[in-house]
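Participant: No sequence on hand, only this structure:
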């Protein structure tokens, strides 16, 4: 069951390759999504960057 959850989160790597450059993050950081908590961390980081962009 845990593998299934990990596989779903790791599949977020492909969309991350396209989204990260828009937030000023290198697309190679999408490789972090292979680590189970990496996807959550990248979504959190993108949220912080989005808040910064909204302030401008």
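Facilitator: Noted; the coordinates are in hand. Quantities reported herein were computed from a predicted structural model and do not represent experimental measurements.
Participant: contacting residues around residue 33?
Facilitator: Contact analysis of residue 33 by Cβ atoms under 8 Å, 6 or more residues apart in numbering lists 9-10, 12-13, 16, 39, 42. Bear in mind the C-beta positions are built from the backbone N, C-alpha and C, glycine included.
Participant: Turn the residues you listed into JSON lines, including pLDDT.
Facilitator: Formatted as JSON lines, these follow (pLDDT from 0 to 100):
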{"residue": "9", "pLDDT": "72"}
{"residue": "10", "pLDDT": "72"}
{"residue": "12", "pLDDT": "71"}
{"residue": "13", "pLDDT": "72"}
{"residue": "16", "pLDDT": "77"}
{"residue": "39", "pLDDT": "80"}
{"residue": "42", "pLDDT": "84"}
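Participant: farthest pair in those residues?
Facilitator: 10 and 42 (11.7 Å; Cβ to Cβ).
Participant: Show me which of those two is the more surrounded one.
Facilitator: Applying other Cβ atoms under 10 Å to residue 10 and residue 42 shows that residue 42 carries more neighbours, namely 22 against 16.
Participant: Can you verify my assumption that that one contacts residue 30?
Facilitator: Yes - taking Cβ atoms under 8 Å as the definition, residue 42 is a contact partner of residue 30 at 7.3 Å.
Participant: Can you list the buried residues in stretch 22-31?
Facilitator: Under the neighbour-count criterion of 16 or more other Cβ atoms under 10 Å, stretch 22-31 has 25, 30 buried.
Participant: And the pLDDT for residue 24?
Facilitator: We have a pLDDT of 82 for residue 24.
Participant: next one: the one 10 residues further on
Facilitator: Turning to residue 34, the model gives it a pLDDT of 76.
Participant: I'd like the distance between it and residue 41.
Facilitator: Distance, residue 34 to residue 41, using Cβ to Cβ, to the nearest Å: 12 Å.
Participant: which ones are touching residue 34?
Facilitator: Contacts of residue 34 were listed using Cβ under 8 Å, 6+ apart, and they are 10, 13.
Participant: again with residue 31
Facilitator: residue 13.
Participant: 10 Å - rerun?
Facilitator: For residue 31, the contact set (Cβ atoms under 10 Å, 6 or more residues apart in numbering) comprises 13, 16-17, 38.
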